[in-house]
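>>> Below are the sequence and a predicted model; questions follow.
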Amino acid sequence: MLHFLLAFCARWHCPFNLDCDDKNMPQDVKPAPKKENMLLNLLLNIAIPTIILMKLSGPEHLGPKLGVVVALAFPIGYGVMDYFREHKVNFFSALGVVSILLTGGIALFELDPKYIAIKEAAIPGAFAIATLISIMTPYPLVKAFLYNDKVMQIKRVDKALAEHNSEQAFQKSLVVASFIIAGSFVMSSILNYILAKWILVSPPGTEEFNAELGRMTALSYPIIAVPSLIVLLLTMYFVYKRITGLTGLKFEEIFNVAEEDDTKSPSSTSN
């Protein structure tokens, strides 16, 4: 399912945060970004919902409908918790909550499971189309996914590209990266649809359907999320190699790497 990948993207692709209140704050007083707790992410978005749907949706426990409500409450709660923790609306978190609500609505209203398959395929498909269309605009989505100041030292890279007269060559590289990312979304869309059609065969409102929904949730991580993240990392490596080839910058001059504290004097450790 999509909500784990979207929750991960919410932490990775920070430029989609819709709260701009901190843009006017001095750089030295901005709060440090909080690191994502991936264990908590996995528990609330994958593990706990899967256990509830597969093991606790029988009539002797929660029942099919209450089982869906309780299971989906965890990833929805994760999205709400993300909002209160970050104090901003994150596009990916919001989209993840909408996706979960659609899944819950289809299950509770006992609609045809094909609508879940369509929904699972439609969201990454829409991202693929948006990524390709954005190439023709001043705001290509590849910059939000990869080339942003949360991940790279944009000002330093832009300056180096200008000094080497390599802006046009780098823009062509970003177009290539856009096609790769769009391709990964297409792959995710196809895999989402196939997985949902393959697993969801029982009518909604039954214990069997809940178990299938839980199984799909569990399988979505290794089958969909992991390949998508691998493609994203490979695309980032491609962009990194193009930057180094065009500018001569080193890794630590391109990416935002945490630096050691310079305030400690060498002699302080010897006493």
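Noted; the coordinates are in hand.
>>> Only C-alpha atoms from now on, for both contacts and neighbour counts.
Noted.
>>> Confirm that G214 sits in a strand.
No: if the criterion is DSSP: H, G, I helix; E, B strand; the rest coil, then G214 is helix and not within a strand.
>>> Identify the residues contacting it.
Listed by Cα atoms under 8 Å, 6 or more residues apart in numbering, the contact set of G214 reads P49, T50, I51, I52, L53, M54.
>>> how about 6 Å then?
Residues in contact with G214 (Cα atoms under 6 Å, 6 or more residues apart in numbering) are T50, L53, M54.
>>> Which secondary structure element is home to the second one?
Same thing as L53. If you go by DSSP states H and E, L53 is part of helix 48-55.
>>> C-terminal to that helix, what's the next element?
Moving toward the C-terminus from helix 48-55, the next helix or strand (DSSP H and E) is helix 64-86.
>>> Let's see that following helix as PDB, backbone CA atoms only.
C-alpha atoms of helix 64-86 as PDB (Å, rounded to 0.1, in the frame of the first residue of the first chain):
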ATOM      1  CA  PRO A  64     -14.400  -7.200   9.900                       C
ATOM      2  CA  LYS A  65     -15.600  -3.600   9.800                       C
ATOM      3  CA  LEU A  66     -14.200  -2.500  13.200                       C
ATOM      4  CA  GLY A  67     -11.000  -4.300  12.300                       C
ATOM      5  CA  VAL A  68     -10.600  -2.100   9.200                       C
ATOM      6  CA  VAL A  69     -11.300   1.100  11.300                       C
ATOM      7  CA  VAL A  70      -8.800   0.200  14.000                       C
ATOM      8  CA  ALA A  71      -6.100  -0.900  11.600                       C
ATOM      9  CA  LEU A  72      -6.300   2.200   9.400                       C
ATOM     10  CA  ALA A  73      -6.500   4.400  12.500                       C
ATOM     11  CA  PHE A  74      -2.800   3.800  13.100                       C
ATOM     12  CA  PRO A  75      -1.400   5.200   9.800                       C
ATOM     13  CA  ILE A  76      -4.000   8.000  10.000                       C
ATOM     14  CA  GLY A  77      -2.800   8.800  13.500                       C
ATOM     15  CA  TYR A  78       0.800   8.800  12.200                       C
ATOM     16  CA  GLY A  79      -0.100  11.400   9.600                       C
ATOM     17  CA  VAL A  80      -1.900  13.600  12.300                       C
ATOM     18  CA  MET A  81       1.100  13.100  14.600                       C
ATOM     19  CA  ASP A  82       3.400  14.200  11.800                       C
ATOM     20  CA  TYR A  83       1.400  17.400  11.500                       C
ATOM     21  CA  PHE A  84       1.500  18.300  15.100                       C
ATOM     22  CA  ARG A  85       5.200  17.400  15.400                       C
ATOM     23  CA  GLU A  86       6.200  19.500  12.400                       C
END
